[in-house]
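In: Any chance you could fold what I've pasted below:
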Amino acid sequence: MTLKQFFPFLTWLPMVRHTWKDDLIAGLTGTIIVIPQAVAFAMIAGMPPVYGFYTAMLTPVIAALFGSSYHLVSGPTTTSSIVLYSIISKYINPTNDIEAFVSLAILLSFMAGVIKLFMGIARMGKLVNFVSNSVIIGFSAGAGVLIAFKQLKHIFGIKVPQGSSFSHIIEFITFHLSEINWYVFAVAMGTLLLALIIRKIKKISKLYMLFAMIFGSFLAIWLGGGLHGIETVGSIPSNLPPFKLPDFDYNNMRMLNSGAIILATLGLVEAAAISRSIALHTHQKLNINQEFVSQGISNVVSSFFSCYTSSSSFTRSSINYQSGAKTPLSAFISAFGLMFIVLFFAKYAAFLPKAAMGGIILLVGYNLIDFKHIKLIFKSSKRELIVFSATFLGTLFLDLQQALIIGIFFSLFFYLERTSKPNIAVLGLDTTNRFINIIRNKSAKECPQLNIIRVDGSLYFGAVESISNYFSDLYENNDGKHLLVIAEGINFIDLAGAEWLMHEVEKWETTNRVIYFSGMKLVGQNVLIKGGFFEKIGYNHFFKDKKTAIETIYQKLDMKICETCKVKTFMECSKN
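Out: Take a look at the predicted model:
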């Protein structure tokens, strides 16, 4: 392993001298956005608000140092907060014993971090390769809509119950439209409108979120602020994360073991999905294993500084990218900016209106919807449309992790369905002695004594039934012909495929017919060689290419039939 692989920040650090201005703008924007979020997420997790700030200060820095994505921002998130609360609240009610609840939360964070780190070191990131782009696009679009709707309470000034689902938000707002606070709505829409205008001005377009938030704050003050129900972030504690060892109680660790696995797994899937979602736009090459490592290290280290579990944030990562960030330096600036504000300007940051934040995040949610790729999915593939729709609707009406699992399930199902049915083409020869598909060209010549087919796909356990049925039909209906299988398109053969192949060859030989193979890839021969199937089938059944196969097989044909044959399929036929 190279030094840059172990310390990924060595790759992007030299870029900073050219990108620091963009990263500074994105970082400052992220600082403003994370202030109210840190409070909200801590409350969702059942933790005092200060722990949300601790987590938002420390985890982004550690994750940025060891992660591969240039735009991923870690910290407290809705998903990790909800899951953490659901795990620990089974044992302790935070309203009854908040200190014990916090102690378990930090211990759970440490355990989840260890699991994440182990999964990264074990290179389990390859599992994420089975998450198709349609899943990512559906997840992004669903998250965009969800993020936007969760801000409606701040945009309309309607007190939607904490933790309401997508459908409950719609239902609640529909029945409480008469309660809309038009002052709050004016701040939100004014902030949103100015952001849209500034984004059109090239020279300052990257500052649109920052300027719009500042404008929204002044607009709220001008409209009368709290006198008209325009809520602000409120008081912010002014201290940094203190060093404190997690309480490594064996009984508690046993109790939280299964919860830690769930929390870690969901956090990793979320991190992989978000990083890949942004990479679709940036075209950055990611190392998902490294993301697993970075998430693990950030959770383990931060748990020693009173931080609860963190993951990658869809909202802050999207804002980071859309604000023009070029390197993870923006995450550093955002974290240190939060530290600076908490220490020296907490009383001023407390006046940030939630309505202005809601207007900006509404725009962020809209930007997460990739209309171009969604349109392409609708046009190109019904299977991909099902995968996209299942993920999108699951994101809206189920938990985020359930939506991803559903999307992945449909992706794997359709993948296995396609690979379980290898394409088989019946071949003949044209006038130039080229092998062509007989179905597409009826003039192709077929040898009366030899069937030629091409198999495109893999011979593995899932495909054995489909290809076995085809060979059975061929066995019964080919009138005593031998068979040549053009095997150049066979990607690999597993043990089930090798055993079927051996028995199929033996079955044909009982009727004095032979199956031959040409051009089989080395990767396809691997199991055949190691399992001794080559010896059992016979080396004389395998040829390196079609030309060699035809030359040898021709010598084994019935010459009496060849003498009266009018087709003259092969070049060898014209010599007799």
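In: show me the contacts for F388.
Out: 134-135, 137-138, 141, 374, 377 (Cβ atoms under 8 Å, 6 or more residues apart in numbering). Any C-beta I mention is one placed from the backbone N, CA and C, and that applies to glycine too.
In: Spatially, which two of those residues are the most separated?
Out: V135 and I374 (12.9 Å; Cβ to Cβ).
In: Compare the two and say which is more crowded by neighbours.
Out: Under the criterion of other Cβ atoms under 10 Å, the comparison of V135 against I374 puts V135 first, with 29 against 18.
In: Pretty sure the more buried one sits against F409.
Out: No: using Cβ atoms under 8 Å, V135 makes no contact with F409, being 9.7 Å away.
In: Quick one: residues in contact with stretch 56-65.
Out: 7-9, 34, 37-38, 72-76, 240-241, 294-295, 297-299, 301-302, 305, 307, 310, 312, 328-329, 331-332, 334-336, 338-339, 342.
In: Strands of the stretch 451-576 of the chain, start to end?
Out: For the stretch 451-576 of the chain, the strands defined by DSSP state E, counting those that start in this stretch occupy 482-486, 490-493, 515-518, 542-543.
In: For T29, which of these is the nearest?
Out: strand 490-493 (47.0 Å).
In: name the helices or strands packed onto that closest one?
Out: Counting by 3 or more Cβ pairs under 8 Å, 6 or more residues apart in numbering; DSSP states H and E, the packing neighbours recorded for strand 490-493 are strand 450-459, helix 522-530.
In: Now distance to G365, mean neighbour count and mean pLDDT too, for the strands of the stretch 451-576 of the chain, in a markdown table please.
Out: As requested, these are arranged in a markdown table below (distance: least, Cβ to Cβ, whole Å; neighbours: other Cβ atoms under 10 Å; pLDDT from 0 to 100):
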| stretch | distance to G365 | mean neighbour count | mean pLDDT |
| --- | --- | --- | --- |
| strand 482-486 | 52 | 21 | 85 |
| strand 490-493 | 41 | 20 | 84 |
| strand 515-518 | 55 | 22 | 88 |
| strand 542-543 | 58 | 19 | 86 |
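In: So which of those is nearest T191?
Out: Using Cβ to Cβ, the strands of the stretch 451-576 of the chain put strand 490-493 closest to T191, at 54.0 Å.
In: Neighbouring strands - and their directions - for that closest one?
Out: Strands that pair with strand 490-493, judged by DSSP bridges, come out as strand 450-459 (parallel).
In: Could you give me the buried positions within the strand it pairs with?
Out: By neighbour count with 16 or more other Cβ atoms under 10 Å, strand 450-459 contains the buried residues 450-455, 457-459.
In: who's in contact with that strand?
Out: Residues from elsewhere that reach strand 450-459 (Cβ under 8 Å, 6+ apart): 419, 421-428, 435, 446, 463, 467, 474, 478, 481-494, 497-498, 500-501, 524, 553, 557.
In: In helices, which of those residues appear?
Out: Using DSSP state H, the members of the contacts of strand 450-459 that fall within helices are 419, 467, 474, 497-498, 500-501, 524, 553.
In: Which members of those residues are the farthest-apart pair?
Out: Spatially, the most separated pair among the ones in helices among the contacts of strand 450-459 is T419 and I553, at 29.7 Å (Cβ to Cβ).
In: So for the two, which residue has more residues nearby?
Out: Between T419 and I553, counted using other Cβ under 10 Å, I553 has the larger neighbour count: 22 against 15.
In: CA atoms only for the helix or strand hosting V300, dumped as PDB, please.
Out: Element membership for V300 (DSSP states H and E) is helix 288-302. Provided in PDB are the C-alpha atoms of helix 288-302 (Å, rounded to 0.1, in the frame of the first residue of the first chain):
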ATOM      1  CA  ILE A 288     -15.600   2.900  -1.700                       C
ATOM      2  CA  ASN A 289     -13.400   0.800   0.600                       C
ATOM      3  CA  GLN A 290     -11.500   4.000   1.600                       C
ATOM      4  CA  GLU A 291     -14.900   5.700   2.300                       C
ATOM      5  CA  PHE A 292     -15.700   2.800   4.600                       C
ATOM      6  CA  VAL A 293     -12.300   3.200   6.400                       C
ATOM      7  CA  SER A 294     -12.800   7.000   6.700                       C
ATOM      8  CA  GLN A 295     -16.300   6.500   8.200                       C
ATOM      9  CA  GLY A 296     -14.900   4.000  10.600                       C
ATOM     10  CA  ILE A 297     -12.000   6.100  11.800                       C
ATOM     11  CA  SER A 298     -14.100   9.200  12.200                       C
ATOM     12  CA  ASN A 299     -16.700   7.400  14.300                       C
ATOM     13  CA  VAL A 300     -14.000   5.600  16.500                       C
ATOM     14  CA  VAL A 301     -11.800   8.700  17.100                       C
ATOM     15  CA  SER A 302     -14.800  11.100  17.600                       C
END
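In: And P161, how far from Q151?
Out: Counting by Cβ to Cβ, to the nearest Å, the gap from P161 to Q151 is 15 Å.
In: S69 now?
Out: From S69 to Q151 the distance is 25 Å (Cβ to Cβ).
In: Between the two, which is the more surrounded one?
Out: It is S69, of S69 and Q151, that has more neighbours when counted by other Cβ under 10 Å, with 29 against 24.
In: Tell me how many other residues surround D558.
Out: So D558, with other Cβ under 10 Å, has 11 neighbours.
In: For it, give me its contacts.
Out: D558 touches Q449, counting by Cβ under 8 Å, 6+ apart.
In: Share the number of residues neighbouring L412, please.
Out: Here the number of neighbours of L412 (other Cβ under 10 Å) works out to 14.
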